[in-house]
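> Sequence first, then the predicted structure, then my questions.
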Amino acid sequence: MGLAYNLPMLRYDVVVVGAGHAGIEAALAAAKLGAQTLCVTLRLDRVGHLPCNCSIGGPAKGHLAREIDALGGRMGVAADLATTHIRRVGTGKGPAVQTVRVHVCKDLYPALQLAALQAQSGLDLLEGEVTGLAIDGRSVHLEVRTASGAERVRALAAVLTTGTFLNGVCHVGERQTAAGRFGEPAVSGLSACLARLGFRLRRFKTGTTPRVRLSSIDFAATEEMPSEPEAGPISYLHDEVPVQRPLLSCHRTATNAETHALIAANLDRSALFGGRIQGVGPRYCPSIEDKVVRFSGKDSHPIFLERETWDGESVYVQGFSSSLPEEVQTEALRTIRGLEHCEVLRAGYAVEYDMIDPTQLDHALMARSAPGLFLAGQINGTSGYEEAAAQGLGAGINAARFALGLPPIVLERETSFLGVLIDDLVTKGVEDPYRMLTSRAEHRLVLRHDNADERLTPIAREAGLCSDERWSRFRAKQDAIQRTKEALQSVLVHPHQATELQAEGLAPVSQSASLFALLQRPGVDLDRLAALASRLGVSLDLPQNADVREQVELAGKYAGYIDLQRRSIESIQRLADLPIPQTLRFDEVAGMSIEGREKLATVRPRNVAEASRVSGVRPSDVALLIGYLRARRG
């Protein structure tokens, strides 16, 4: 492949390509685990850049952000320190859906992430473009073009986190530019290297919205959405949002019939509808052109105006992703209430890029055909900062462990949203940019936003990513939760104590029940139970910590449903106890469908539970496979 072997050699345990959200987590994790790590990125001044919106968290994405933090990742800490706006989302639904969404300062957040990379021992940073990639069976070789020449890097493992840069093309109307994102060149040679290594490549597309000038917006004509600091921080290392400046408001407005008519009249000038984009776009984050066409019966679509920095003039127009010509975008924006006189600082655009079919990876995010090569982020067909960062963390952990001769750490879908994300990618593949949704998790009541630390921090501690500070805080919180549960379970209310119950507005009990069991009743919380206990002559020393109280109340209120999900998880784990030999020839399984054999041979699931989730595999195929495996075991 033309690597220049006469160049001097840099040797590392792990090299990470890219320093976006995936690359940051991968590089920090690998270095923290003791692997000598190099992070190569095109521009150090773009580390941790937020090219699309200024938000972190939101439905399902907030769950991922909390899990990244619980595993010792960096995203939540930086997001808390850079928070400009925060709200609790999903409040109209159950606890499985609720989480937080924050806006972060797009100047401060990257600065914090770069500082973290620079301060991490065992981690070097190199500004340059990877132009060559080869694998010799024992190590990964990279050639990096830098401002001063070129470098050759040899590592035991590599993590590719290339985002939208592989053969990236940006579209604004009829204009096309070779670029990975606004103002930054595409990477042209790496896709060919991956193709030569046997990877199947596809084209995906994503987009972003216009930015408008803050001082040109009539906010009085919009609906103000104040921050909700009581929503709490993302990181478990913070008791509250740790910003020193007043939090900002977000503002809501909406498109209208005039907006839609103008867009419809110019669809042929849109890069998407004009046929200039071939890549597949995100289903769950459509452009404004898509919305007008797909939802023609709707009179309006919500628009959110989000300030991108504390002090700057740039405002992100959430809900208006577009590849229309700049002048059409401006005209359409000026039909929206509050934006009648807006000045567009930068037009929205679409970007096409190369990605790989993620079914070519195993659950450690390592390429099956190229041991030592890990991939994370949009290169795997996902969209979103949180999805990328979560994969980066997982890939960084496993790249370090591969380099150090340790087995991988694989999170199962029954334990985390990250496990769901990776399992979906490697067993089902993607048809369009993958976005995490709470509905993708079968056991989401167990995988809540509030209990990510309970599920994952012990894993981080065992792996070596959990600091003593984090572990101390975690143990103190878990001890407080357990003490509170035990205290509530120790106090019984009896049928003859109806007077005390009625005094607190509670119906009598037909048989003796603990205070903890009473949490299942609507409207009952810890404060109400403390008042009831007092009437019963019992003094309860209940915690004041909001996180502890939330965990106890949810555990009591949803105890029956949580128990059902745990039993379901146990049944799935029984299927997981039926391993599938990686050398198994599926054509030996009599009666299995041709499609089932082909899909299983491609994905190579580790066990029957995974095989049952592979797209195209029928229940009858799974039953035949179980019978075959049991017969082989004798």
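Arrived safely, thanks for sending. Keep in mind the model is a prediction, meaning the values are calculated, not measured. Residues are numbered from 1 along each chain as shown.

> shaky segments in the protein?
Along the chain, segments meeting pLDDT under 70 span 1-7, 634.

> which strand in it runs the most residues?
Ranked by residue count and defined by DSSP state E, the top strand of the chain is strand 149-160.

> Can you tell me which helices and strands it packs against?
Contact here means 3 or more Cβ pairs under 8 Å, 6 or more residues apart in numbering; DSSP states H and E; on that basis strand 149-160 packs against strand 9-17, helix 21-32, strand 37-41, strand 140-146, strand 373-375, helix 385-403. C-beta here means a position set from N, CA and C on the backbone, and glycine is covered the same way.

> That strand pairs with which strands?
Strand pairing for strand 149-160, using DSSP bridges, gives strand 9-17 (parallel), strand 140-146 (antiparallel), strand 373-375 (parallel).

> Just name whatever secondary elements the next helix or strand after that strand is in contact with.
Using DSSP states H and E, the helix or strand that follows strand 149-160 in sequence is strand 169-172. For strand 169-172, the packing partners by 3+ Cβ pairs under 8 Å, 6+ apart come out as strand 175-178, strand 349-356.

> now what about strand 169-172, what contacts it?
The contact list for strand 169-172 (Cβ atoms under 8 Å, 6 or more residues apart in numbering) reads 176-179, 181-182, 186, 271-272, 276-277, 323-326, 347-353.

> got a markdown table for the helices and strands packed on strand 149-160, with mean neighbour count and distance to residue 415 too?
A markdown table is the format used below for the helices and strands packed on strand 149-160 (neighbours: other Cβ atoms under 10 Å; distance: least, Cβ to Cβ, whole Å):
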| stretch | mean neighbour count | distance to residue 415 |
| --- | --- | --- |
| strand 9-17 | 24 | 25 |
| helix 21-32 | 31 | 18 |
| strand 37-41 | 27 | 26 |
| strand 140-146 | 20 | 30 |
| strand 373-375 | 28 | 20 |
| helix 385-403 | 30 | 12 |
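
> possible to save the strands paired with strand 149-160 as TSV with distance to residue 285?
Formatted as TSV, those follow (distance: least, Cβ to Cβ, whole Å):
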stretch	distance to residue 285
strand 9-17	26
strand 140-146	32
strand 373-375	22
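
> returning to what we had before: now distance to residue 64 too, for the helices and strands packed on strand 149-160, in TSV please.
As requested, the helices and strands packed on strand 149-160 are arranged in TSV below (distance: least, Cβ to Cβ, whole Å):
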stretch	distance to residue 64
strand 9-17	20
helix 21-32	11
strand 37-41	22
strand 140-146	27
strand 373-375	18
helix 385-403	4
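
> can you tell which of these is closest to residue 55?
The minimum distance between residue 55 and the helices and strands packed on strand 149-160 falls on helix 385-403, with 8.4 Å, by Cβ to Cβ.

> Residue 204 bridge partners, please.
Here residue 204, judged by DSSP bridges, has bridge partners residue 280, residue 353.

> residues in contact with stretch 557-571?
Contacts of stretch 557-571 (Cβ under 8 Å, 6+ apart): 95, 414, 442-443, 445-446, 517, 519-520, 524, 555.

> in that stretch, what counts as buried?
For stretch 557-571, the neighbour count (16 or more other Cβ atoms under 10 Å) marks 557-558, 562, 565, 569 as buried.

> on that earlier part again, tell me the angle the longest strand of the chain makes with helix 385-403.
In terms of direction (axes from the mean of the first three to the mean of the last three Cα atoms, to 10 degrees), strand 149-160 departs from helix 385-403 by 100 degrees.

> can you give me the offset of strand 149-160 from its chain's centre?
Computed by Cα atoms, centre = their mean, to the nearest Å, the chain-centroid distance of strand 149-160 equals 27 Å.
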